[in-house]
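Colleague: how does the following fold in three dimensions:
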Amino acid sequence: MDAQPHFFDGQLTTLMDAWSTTIDDMSVLICELTNAEWTLPSPCPGWSVGDIAAHVVGVERRLAGDALPDHEPDWSALPNIRSDEFSQFMERDVDVRRTQSRTETVAELLEVIPRRRAQLQALDADPELMVAGPAGSQVPLGRIMRMRVFDLWVHEQDIRQSVHKPGHEASIGAHVTAEILVSALPVIWGKKVAAQPGQSIHLKVSGAISFECSVVVGDDGRAGFTANPDQPTSSLAMDWLTYVALSTGRSTVELLADQITIAGDAELAHRCVKLANIAP
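Modeller: Coordinates of the predicted model:
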């Protein structure tokens, strides 16, 4: 029996619909922003609300096959940006648009969405079809669509938190995100936390998306989902948006301690929460 909770049917058509719905939601939200809201800091480290919009535009234009400027930011002025190649690659499309007006970036977004939608609709409905990823490498279509839905929904929530306009906490994009976050729990518990054979973690999430699941490390040292143990080594309980914030690096266990309930081995549970971030 598969003890892992599932949040959508896993079909490519569902992912396509989730992308379409989520990017439309993002577009409406971005178009409603004021100039003052555009400059607000977001929960995404180092990025403003406008930077998030620029990021979405840059990624979707790259996926659409557009030739974009080869821009090199002043990295000394961007201390929050990690030095790894992927982080710096993603920053280029953001930084090049920091000299643009809000109107110009919004116009780019509104132009690329229908083009990108038409491209996706023209593709064969094969999740294993190899397509160009944002960095140019070939990636299975199903994987890239999961990545895009996850990225778009999390960034939509970043903007909503910044401008105090909550919404879409249980949309199809949220359910795809839940699938991705929960799927990472065995890796977090088994590899990052380095829990030992027989040690288990029970997670209970409430709110707009609610679920319970447990992961245990087997005798072979590999962690996997299991039926809820009667006495897990550690237990965690929190609401959905707290879980998202921790799992995407938007906040820390220290800042959200009053929203997290820990039982059992507190040290292991604390490490699990502290190492929960799976966002690139």
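
Colleague: got the buried residues for the strand or helix carrying residue 154?
Modeller: Assigning secondary structure by DSSP states H and E places residue 154 in helix 141-163. By neighbour count with 16 or more other Cβ atoms under 10 Å, helix 141-163 contains the buried residues 141-142, 144-163. Using the backbone N, CA and C atoms, a C-beta is placed for each residue, glycine as well.

Colleague: residue contacts, the closest residue to residue 250 other than its chain neighbours?
Modeller: Nearest residue to residue 250, sequence neighbours excluded (Cβ to Cβ, 6 or more residues apart in numbering): residue 43, at 4.0 Å. Contact analysis of residue 43 by Cβ atoms under 8 Å, 6 or more residues apart in numbering lists 158, 161, 162, 245, 250, 251.

Colleague: out of the residues you listed, who's nearest residue 47?
Modeller: residue 158 (7.9 Å; Cβ to Cβ).

Colleague: wait, that closest one touches residue 45, no?
Modeller: No: Residue 158 is beyond contact range of residue 45, at 10.4 Å (criterion: Cβ atoms under 8 Å).

Colleague: got the contacts of residue 43 as a markdown table, with pLDDT and distance to residue 11 columns?
Modeller: Formatted as a markdown table, those follow (pLDDT from 0 to 100; distance: Cβ to Cβ, whole Å):
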| residue | pLDDT | distance to residue 11 |
| --- | --- | --- |
| 158 | 98 | 27 |
| 161 | 98 | 30 |
| 162 | 98 | 33 |
| 245 | 98 | 28 |
| 250 | 96 | 29 |
| 251 | 96 | 32 |
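
Colleague: is residue 62 part of a helix or strand, or is it coil?
Modeller: helix (DSSP: H, G, I helix; E, B strand; the rest coil).

Colleague: separation between it and residue 128?
Modeller: Per Cβ to Cβ, to the nearest Å, residue 62 is found 21 Å from residue 128.

Colleague: between the two, which is the more surrounded one?
Modeller: Neighbour totals were compared for residue 62 and residue 128, and residue 62 leads with 19 against 10 (other Cβ atoms under 10 Å).

Colleague: show me what contacts the nearest residue to that one once chain neighbours are set aside?
Modeller: Leaving aside its sequence neighbours, residue 62 sits nearest to residue 134 (Cβ to Cβ, 6+ apart; 4.7 Å). By Cβ under 8 Å, 6+ apart, the contact set of residue 134 is 59, 62, 63.

Colleague: phi, psi of residue 244?
Modeller: Main-chain dihedrals, residue 244, degrees, to the nearest 10: phi -60, psi -50.

Colleague: neighbours of residue 107, just the number please.
Modeller: For residue 107, the count of nearby residues is 13 (other Cβ under 10 Å).

Colleague: same question for residue 92.
Modeller: Other residues within reach of residue 92, judged by other Cβ under 10 Å, total 16.
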